[in-house]
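Engineer: model this:
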Amino acid sequence: MSLLAPKVAAAKAVGVLARRAGRGGGTSLPGKLLTRLEPHAIGLLAGRLEHGNVVISATNGKTTTAAMVASILERSGRRLVHNRAGANMAGGVASALADASRRGGRALDGDFGLFEVDEFWLGEVVEELNPRAMLLANLFRDQLDRYGELDTIADRWAVVAAERAASTQLVLNADDPLVADLGRVEGAEPWYFGVEDDAVAHKELQHASDSKHCRRCGHAYVYEAAYMGHLGRYHCPNCGNRRPEPAVAAESVQLRGIRSAAFTLRAPQGSTRVELPLPGLYNVYNALGAAALCLSLGVELPTIAAGLGAVEPAFGRAETIELDGRPTSILLVKNPAGANEVLRTLALEGGELDLFGVLNDRIADGRDVSWVWDADWETLAPHVQRMTCSGTRAAELALRMKYAGVPVERLHVVEDLATGLDYALEGGRGPLYALPTYTALLELRGLLSERGAAREYWR
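Structural biologist: Prediction:
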């Protein structure tokens, strides 16, 4: 372990310098250096966590779900090592461990690891972490020019599930066919979670739905209820494959627009009402996954309900801040299914809405932004009083909104993000709803930090 000490010290020094320079790379750059100096640094450091660690992966909601788990586990007395800034590739995980290291990694400021992991990096990082439990929450079409079709990720996850079934508790979303199917690997005894309230189901499967065909035989699924994208209650009429019965479920769901949501959490240990200070059915799913993971670790229901009720929005995930006297809510949109749930949530606000949309096509967003044509902006179009479109693909976003039915006089294209934000704040009235893609979210938070309206996201 002593050979690791100077490498950890070097990585931590790089992190300090990066943050002083105002670079977001402070969240992952130290870990990248550390894993280059010591390829097994993650495993060596994670092995010092007294109570082990857990891993969360998904295409949607990793950061928010991890924040929910953190809120719960901290109430149960755990001292967490957590990549809470959302840097979720190997470098980000290694950075979190390095930051928590004392005496060159011989001890850690924390006794339990909580790591969100990018869906494509899952196998590599899990091999090092050897987690106690692994929450796999969903697989939606996302950044196809980087990661390819969903089946590519599902195949990789199936290998990880098969390798970990004997030593890692799998916590799986029963409502996602691709994810639920991972539970049939030999030796697995998964905890399943899902929604059971047809009052919040769509009348039919959405256009943006992804996993519509049985992974076992290729036949189209039949849905009795479609909750969010392809998440729902389904069965295959050809081979009989069907959605597993969830041990942990959300019943009697209430969606209250941008403000909050509530549901009854049903588990083998009993039931309790959860008042969630975050909006949308997507956050109900996040909360369900967090609850199922914590239940698998032995956390009691009252602690889970209290933790979920006290959770604060993760960076850019429905957080609201005051800008120039106007409450401004920031809601990340990055793929059709996630965008549809944000649009559904905003539509519940009623009245006319002032929007600030930022569409980028940088590498971390995915160069292919055709997903905006699959998202159901028509849901929101009747409620748009004004929309400022910014980002590298601002004009395409405005065009999509025009085709959705928003009158052109209500659409304004201002490509530069800072100028666009000022234009949106000055020209509208009432609350402003910002809908940035991933890199736009980072830029927006950096801009707000410079203006003293928000903390740097790595702090």
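
Engineer: CA only for contacts and neighbour counts going forward, please
Structural biologist: Noted.

Engineer: excluding its backbone neighbours, what's nearest the residue most central in space within the chain?
Structural biologist: In the chain, the residue lying closest to the centroid (C-alpha atoms, centre = their mean) is residue 61, at 1.8 Å. In this structure, residue 61 finds its nearest non-sequential neighbour in residue 286, 6.4 Å apart by C-alpha to C-alpha, 6 or more residues apart in numbering.

Engineer: in terms of helices and strands, where is the one you found?
Structural biologist: helix 281-296 (DSSP states H and E).

Engineer: got it, and residue 34?
Structural biologist: Using DSSP H and E, residue 34 maps to helix 29-37.

Engineer: and for that helix, what's in contact with it?
Structural biologist: With contact meaning C-alpha atoms under 8 Å, 6 or more residues apart in numbering, helix 29-37 is reached by 7-8, 10-15, 18, 41-42, 90-96, 98.

Engineer: and it, C-alpha only, in PDB?
Structural biologist: Provided in PDB are the C-alpha atoms of helix 29-37 (Å, rounded to 0.1, in the frame of the first residue of the first chain):
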ATOM      1  CA  LEU A  29      -8.600  14.500 -13.900                       C
ATOM      2  CA  PRO A  30      -7.000  13.300 -10.600                       C
ATOM      3  CA  GLY A  31      -8.500   9.900 -11.000                       C
ATOM      4  CA  LYS A  32      -7.400   9.600 -14.600                       C
ATOM      5  CA  LEU A  33      -3.800  10.300 -13.500                       C
ATOM      6  CA  LEU A  34      -4.100   7.900 -10.500                       C
ATOM      7  CA  THR A  35      -5.400   5.000 -12.600                       C
ATOM      8  CA  ARG A  36      -2.600   5.600 -15.100                       C
ATOM      9  CA  LEU A  37       0.000   5.500 -12.400                       C
END
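
Engineer: give the contact list for the residue nearest to the centre of the chain.
Structural biologist: Taking C-alpha under 8 Å, 6+ apart, we find residue 61 in contact with 282-283, 286.

Engineer: from residue 186, how far off is it?
Structural biologist: 28 Å (C-alpha to C-alpha, to the nearest Å).

Engineer: what does residue 276 give?
Structural biologist: Going from residue 276 to residue 186 by C-alpha to C-alpha gives 36 Å.

Engineer: cool, and residue 120?
Structural biologist: Taken as C-alpha to C-alpha, the span from residue 120 to residue 186 is 23 Å.

Engineer: equivalent analysis for residue 192, please.
Structural biologist: 16 Å.

Engineer: these two: who's more crowded?
Structural biologist: Legend: neighbour count by other C-alpha atoms under 10 Å for residue 192 and residue 186, higher for residue 192 (27 against 12).

Engineer: for residue 77, the count of nearby residues, please.
Structural biologist: 9.

Engineer: next one: residue 75
Structural biologist: 15.

Engineer: mind listing what it touches?
Structural biologist: 303, 307.

Engineer: quick check, pLDDT for residue 24.
Structural biologist: The model reports residue 24 with a pLDDT of 52.

Engineer: hang on, I meant residue 39
Structural biologist: 96.

Engineer: for residue 121, see how far away the closest residue in space to residue 188 that isn't next to it in sequence is.
Structural biologist: Excluding its sequence neighbours, the residue lying closest to residue 188 (C-alpha to C-alpha, 6+ apart) is residue 165, at 4.8 Å. Here the criterion is C-alpha to C-alpha. By it, residue 165 lies 18 Å from residue 121.

Engineer: more crowded one of these two?
Structural biologist: Using other C-alpha under 10 Å, the more surrounded residue of residue 165 and residue 121 is residue 165, with 21 against 16.

Engineer: show me which helix or strand of this structure is least confident by mean pLDDT.
Structural biologist: Every helix and strand of the chain was ranked by mean pLDDT, DSSP states H and E. The lowest is helix 144-147, at a mean of 48.

Engineer: ranges for the helices of the stretch 301-450 of the chain?
Structural biologist: With helices called from DSSP state H, counting those that start in this stretch, the stretch 301-450 of the chain shows them at 301-310, 336-347, 394-404, 417-427, 438-450.

Engineer: deepest in the core, which of the ones you listed is it.
Structural biologist: Among the helices of the stretch 301-450 of the chain, ranked by average contacts under mean count of other C-alpha atoms under 10 Å, first place goes to helix 336-347 (a mean of 23).

Engineer: tell me the buried residues in stretch 219-229?
Structural biologist: By 16 or more other C-alpha atoms under 10 Å, the buried positions in stretch 219-229 come out as 220-223, 225-229.

Engineer: quick one: that stretch to chain centroid distance?
Structural biologist: Averaged C-alpha coordinates place stretch 219-229 at 22 Å from its chain's average position (C-alpha atoms, centre = their mean, to the nearest Å).

Engineer: CA atoms of it as CSV?
Structural biologist: The C-alpha coordinates for stretch 219-229 follow below in CSV (Å, rounded to 0.1, in the frame of the first residue of the first chain):
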residue,chain,number,x,y,z
HIS,A,219,-41.7,-11.0,-30.7
ALA,A,220,-43.4,-7.7,-29.9
TYR,A,221,-44.4,-7.2,-26.3
VAL,A,222,-48.0,-6.5,-25.3
TYR,A,223,-48.3,-3.7,-22.7
GLU,A,224,-51.1,-3.7,-20.2
ALA,A,225,-49.7,-0.4,-18.8
ALA,A,226,-47.0,1.9,-20.2
TYR,A,227,-45.7,4.3,-17.6
MET,A,228,-42.6,6.0,-19.0
GLY,A,229,-41.2,5.2,-22.5
